[in-house]
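Q: with the input below, show me the fold.
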Amino acid sequence: MTKRRDDDEFYVGYAPKAPQSTARHVRIVAVALVIAAPLVATTLVSAQGHFDVATFEFGQTRDFTGQIVTQPYPHVLIERPGESGADAHHSRYLLTVFGKVGADKHVAAFDGQHVDFEGTLIYRDDQTMIELVEGSLRPSMRVQTSQPAAVRRMGITTVQGMIVGSKCFMGVMVPGHGKVHRACAARCISSGTPPILAVTDETGGAQYILLI
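A: Model (predicted):
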């Protein structure tokens, strides 16, 4: 049992003032915390990895016109600005809808048709997806005269990368890859969102391969 010293302070919580020694200790600790807090915050921010450059234009809808294709995953073929006729090139934009689900049932009745619709852009590097506004699909009065390029088989090759959920990866969640988003990607892919293999080539560039 420790013997009480005569100069030990006894702090009473409802007293108007704390004992001198206790008050001095509290002031030192408070000042140290005030100095340490921004230093700790700065260190944590500095150690944080940079977010990927990916964009989800949340809340902003645009009008689109193109041809719906349902295989291998729902997407739309849109003629590039200023190009028309048989030699026109197309942009292929994957389609999705709100939430962690694919757009299959929403576009099935429009396969091969030229349509007008509204949607929100999701993009990263040279990859673009459109989150379709449900119920906005309608036959287009504009006739698309060009035809998309035929599919070519490139042969068998070996690649190494990371399987990601395309919607989150392209910009809906940032960062959209790694262990943090593994469960999210599994849920999205199992619900119909197209899976992508994200590959870094020998030059350090990013390549994105749609998996079917």
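Q: any low-confidence regions in this protein?
A: Under the criterion pLDDT under 70, the flagged ranges of the chain are 1-8, 48-51, 81-88, 143-148, 175-177.
Q: now the helices for it?
A: In the chain, the helices defined using DSSP state H lie at 20-47, 104-107, 166-167, 182-190.
Q: pick the most buried one from these.
A: Comparing those by mean neighbour count (mean count of other Cβ atoms under 10 Å), helix 166-167 ranks first with a mean of 27. Placement of C-beta: from N, CA and C, glycine included.
Q: quick one: list the elements packing against it.
A: Contacts defined by 3 or more Cβ pairs under 8 Å, 6 or more residues apart in numbering; DSSP states H and E place helix 166-167 against strand 90-96, strand 127-132.
Q: how about the contacts made by residue 54?
A: Residue 54 is in contact with 122-124, 169-171, 174, 176, counting by Cβ atoms under 8 Å, 6 or more residues apart in numbering.
Q: possible to save those as JSON lines with neighbour count and distance to residue 184?
A: Below are the contacts of residue 54 laid out as JSON lines (neighbours: other Cβ atoms under 10 Å; distance: Cβ to Cβ, whole Å):
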{"residue": "122", "neighbour count": "25", "distance to residue 184": "15"}
{"residue": "123", "neighbour count": "17", "distance to residue 184": "19"}
{"residue": "124", "neighbour count": "21", "distance to residue 184": "16"}
{"residue": "169", "neighbour count": "30", "distance to residue 184": "10"}
{"residue": "170", "neighbour count": "27", "distance to residue 184": "13"}
{"residue": "171", "neighbour count": "22", "distance to residue 184": "14"}
{"residue": "174", "neighbour count": "17", "distance to residue 184": "12"}
{"residue": "176", "neighbour count": "25", "distance to residue 184": "8"}
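Q: which of these sits closest to residue 14?
A: Minimum distance to residue 14 across those is 50.8 Å, recorded for residue 174 (Cβ to Cβ).
Q: quick one: the residue nearest to residue 69 when sequence neighbours are not counted from residue 118, how far?
A: For residue 69, ignoring the flanking residues on the chain, the nearest one in space by Cβ to Cβ, 6 or more residues apart in numbering is residue 75 at 5.5 Å. Going from residue 75 to residue 118 by Cβ to Cβ, to the nearest Å gives 16 Å.
Q: so which of the two has more stuff around it?
A: residue 75 (25 against 17; other Cβ atoms under 10 Å).
Q: partner residues bridging that one?
A: Taking DSSP bridges as the rule, residue 75 bridges to residue 69, residue 94.
Q: residue contacts, it?
A: So residue 75 contacts 68-69, 92-95 (Cβ under 8 Å, 6+ apart).
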